[in-house]
Structure formats: structure tokens, C-alpha cells
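**Q** Using only what follows, build the 3D model:
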Amino acid sequence: MEDNKIVGEIFGELDENIKIIEHELDIKVFLSDGQIKLIGYEDNLILAEKLINNLIDIIKIQKKLDRHELRYAIDLIVEGKDSQIKDLLNEIICITSTGKSIKPKTLGQKRYVDAIKKNDIVFGIGPAGTGKTYLAVAMAAQAFKNKEVNRIILTRPAVEAGESLGFLPGDLQEKVDPYLRPMYDALFDILGYENYLRYMDKGLIEVAPLAYMRGRTLDSAYVILDEAQNTTNEQMKMFLTRLGYGSKAIVTGDITQIDLPRGKESGLKTITRVLDNIKGIDLIYLSKYDIVRHPLVQRIIDAYERYESK
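**A** This next block holds a predicted model:
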């Protein structure tokens, strides 16, 4: 990759990236004879030099630099964790139907992905935007492509309908769609719409409400339970005991967003106490620092946490 292209990526469109770097590290950045020059206090310049070198590595591998990667690299540099930036670069989960690489974008996400590789049951717990569901679906899709499992099963408690889907109009697919749309979106993105439909028709991908898991044994399957904070203790036990030979289960949820009726305890909250320290099971906690959405999302979560702690 030519040096001027690397410099162009570092500076960003209309120098947007440089404005972020200058603001976050309290330095001045400019170009002189094709070279990046830095002005500021010595400690800040040391951080900036580490940042620029890491950004060059990122761009050489990816050809592009997005805003989240820049902000996260700055955070790691400031925290003295710059050596871990390369760990993120070398981890590709799968390639989407459009040729996009899916990989963990934060250290928390990497811990989550590593845990999924090493364990048959993994709980991913954290706020919205941390990639819990998307990364789980990506791991499932790759395992399916590699023929490690024969099918993918995605499920979610339909709390908004009280799990009483029989009282809703339309066939099962129409009833389930509103509750499972986030999981559909991830599958469309990763597999492509036509492949998704083909696998659905063959029964190799199944998307169903949690109530439909009762009484089944799920062999050679990659099973993902999303929005698990809205399961009861009975539902969580039922789900986990469906797992058969050659299967993996990923359970995702946000214990700060429980929509169960008053008096009902979340199965996800209980499970953190029941299944801790069991071999083959891992609980990964993601935080606001793992959010990969608009930078304002993290600030909004911070603001709510401050308000609720008063």
C-alpha cells in the first residue's frame, strides 16, 4: 500500500480522524513534505507516536480505518494496552456474502469469541451494541460452513407476546418475525439472503420462539438463545437441558433490560450464580467499553448509570 494512501486513511475525510487524535491526545498533527509531524507535550507525543504506528499496521492489513477502530486504539494506547491492538487485527471469524471480514473489535469481544471456541456453553452478558448476538451468529455460521455442526437454531423468548403466540394472527413465521428480526438481520448479512432461504427450506436453519424448544433434544446444532434476560428460571433450565451430542449453545442477554412480569426472576441472573466455575461453561461480561455503535451510545449509557445511581 502506498504511503500517501496510508497517510490519507490516517487523516480521514476532511481530516476528521486527525481532529479526533488532536482532541483526545492534546497535540497538533500536520503534514510536512509527506511526513506526519506532531507537536505537543512529551508524554502526549509518546502516546501519539505509538498510536500512529499502530494505525499504520491496521491500515496495512485492512486497507481501511473506521472511526470506532481509531477511538478504541486511542483508548488502548492511553491505558498502556497498545500491544493488544495486534491481537484484534489477527482474528477473523468469517467473511460475509459481500466479502466483509467479521472480527472482534474490542478486547472484550475477543474474550467472548475465544470463550466460544473453547467451551460448549457460553453466556455473553452485556449492554446493547456490544456485538453479543452478531458475533454469536457469525461463529455459528462459520461452524456451519466448516461442517462442525449440521444446523443452526436461533431462539428468543417472546415476552412481549407472553409466549402466547397461538393467540396472534398469521402462521408461525409471521408471528415470530417481530421478535427475532435482529437474528435474521445478522444471518442475512453473513450468509446472504438466497443462501439463508435455501438453508431455511432444508431445515438447516431454524428460527423459533423459546417455547417451541420444549421436549426436544438438539444434536449437532449451534443453538443461540438471545434476549435471555427475559427467560424465567424454568425456561432457562429447559433450554440448557435441550443440548445434545456435538452441539454448542450461546446465551446472550442484558440483565439491566429485564421485561419479565413483577415477581418473576430472570433465568439469566440466576444462572450466573448456578453455573459459575463449571468446566465447559464460561460467562463473559461485556461492558460499555465494548459498544460498537455511535460514540454517543456509550455516553448515553454513562448518563443513565449516573442518573440511576442517585
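
**Q** measure Leu154 to Ile116 for me?
**A** Plainly put, Leu154 is 15 Å away from Ile116 if you go by C-beta to C-beta, to the nearest Å. For every residue, glycine as well, the C-beta is placed using N, CA and C.

**Q** er, Ala73 I mean
**A** 24 Å.

**Q** Would you point out which residue is most central in the protein?
**A** For the chain, the residue lying nearest the average C-alpha position, counting by C-alpha atoms, centre = their mean, turns out to be Gly131 (1.6 Å).

**Q** Surely Ala128 is in contact with Thr256?
**A** No - under the contact definition of C-beta atoms under 8 Å, Ala128 does not touch Thr256, with a separation of 9.5 Å.

**Q** quick revisit: what separation do you get for the residue nearest to the centre of the chain and Ile291?
**A** Taking C-beta to C-beta as the criterion, Gly131 is separated from Ile291 by 9 Å.

**Q** which element follows the worst-scoring helix or strand of the chain on mean pLDDT toward the C-terminus?
**A** Of all the helices and strands that make up the chain, the one with the lowest confidence by mean pLDDT, DSSP states H and E is helix 172-191; it has a mean of 70. The C-terminal neighbour of helix 172-191 among helices and strands, as given by DSSP states H and E, is helix 193-201.

**Q** what about stretch 254-273, average pLDDT?
**A** Averaging pLDDT along stretch 254-273 yields 90.

**Q** Quick one: end-to-end distance for it.
**A** Between the opening and closing residues of stretch 254-273 we find a distance of 16 Å, counting by C-alpha to C-alpha, to the nearest Å.

**Q** so Pro130 sits in a strand?
**A** You called it Pro, but residue 130 is Thr. No - counting by DSSP: H, G, I helix; E, B strand; the rest coil, Thr130 is not part of a strand but coil.

**Q** Quick one: neighbours of Lys86, just the number.
**A** By the criterion of other C-beta atoms under 10 Å, Lys86 has 13 neighbours.

**Q** hey, where'd the strands end up in the stretch 51-200 of the chain?
**A** With DSSP state E, counting those that start in this stretch as the definition, the stretch 51-200 of the chain shows strands at residue ranges 94-95, 101-102, 121-125, 151-156.

**Q** now for the last one, which elements pack on it?
**A** Contacts of strand 151-156 with other secondary structure elements, assessed using 3 or more C-beta pairs under 8 Å, 6 or more residues apart in numbering; DSSP states H and E, are made with helix 132-145, helix 172-191, strand 205-209, strand 221-225.
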